[in-house]
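Participant: Based on what follows, work out the 3D shape:
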Amino acid sequence: QVQLMESGGTLVQPGGSLTLSCTASGRIFAISDMAWYRQPPGKERELVAGITSAGNANYGDSVKGRFTVSRDNSKNTMYLQMSSLKPEDTAVYYCYADRIYLYSGRQYRDNWGQGTQVTVSS
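Facilitator: Numbering: from 1, shown residues only. This next block holds a predicted model:
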């Protein structure tokens, strides 16, 4: 059994900064690609940033230069550092892990967290 849990979402003023965390729990041996997605109110879910197990990152066009994704494999945790936040960044942010490998040999595919709300407003 594995679980992804996001944390760090809150209300922040425009121009502010915020860091989200996503931690995977369970008897985890390794995690492959991970990503942050977001779903603004009334809109489709979109990719914010992705990161491979080796640390190679890619970003959605709307967040390039403002957001930074990173991960600590020893802690099974991924981070999203957000700066210069805009009202249009308001969304539920979801953590995603492509494959999670357990010490037992079992693997879980297409893993999602429950989401954390980020609201950018004055």
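Participant: can you list the weak-confidence ranges in this structure?
Facilitator: Regions of the chain meeting the criterion pLDDT under 70 are absent.
Participant: which residue is nearest the middle of it?
Facilitator: For the chain, W36 is the residue whose C-alpha lies nearest the centre (C-alpha atoms, centre = their mean; 3.2 Å).
Participant: Provide the contact partners of the helix or strand where that one lies at residue level.
Facilitator: W36 is located in strand 34-39, with elements delineated by DSSP states H and E. Residues outside strand 34-39 that contact it (C-beta atoms under 8 Å, 6 or more residues apart in numbering) are 20, 22, 45-51, 69, 71, 78, 80, 89, 91-98, 115, 118. (Each C-beta comes from the backbone N, C-alpha and C, glycine too.)
Participant: and the residue nearest to the centre of the chain, how far is that from L47?
Facilitator: W36 is 8 Å from L47, where distance means C-beta to C-beta, to the nearest Å.
Participant: cool, and Y94?
Facilitator: Taken as C-beta to C-beta, the span from Y94 to L47 is 10 Å.
Participant: Between those two, tell me which one has more neighbours.
Facilitator: Taking other C-beta atoms under 10 Å, Y94 and L47 do not tie; Y94 has more neighbours (20 against 14).
Participant: Which of the helices or strands spans the more buried one?
Facilitator: strand 91-102.
Participant: Quick check: buried residues in that strand?
Facilitator: Neighbour-count burial for strand 91-102 flags 91-98, 100 (criterion: 16 or more other C-beta atoms under 10 Å).
Participant: One more: stretch 107-122?
Facilitator: 108, 111, 113, 115-116, 118, 120.
Participant: now stretch 70-82
Facilitator: For stretch 70-82, by 16+ other C-beta under 10 Å, it's 71, 76-80, 82.
Participant: Check stretch 18-25 too.
Facilitator: 18, 20-24.
Participant: Out of the buried residues of stretch 70-82, which sit inside strands?
Facilitator: Under the assignment DSSP state E, those contribute 71, 77-80, 82 to strands.
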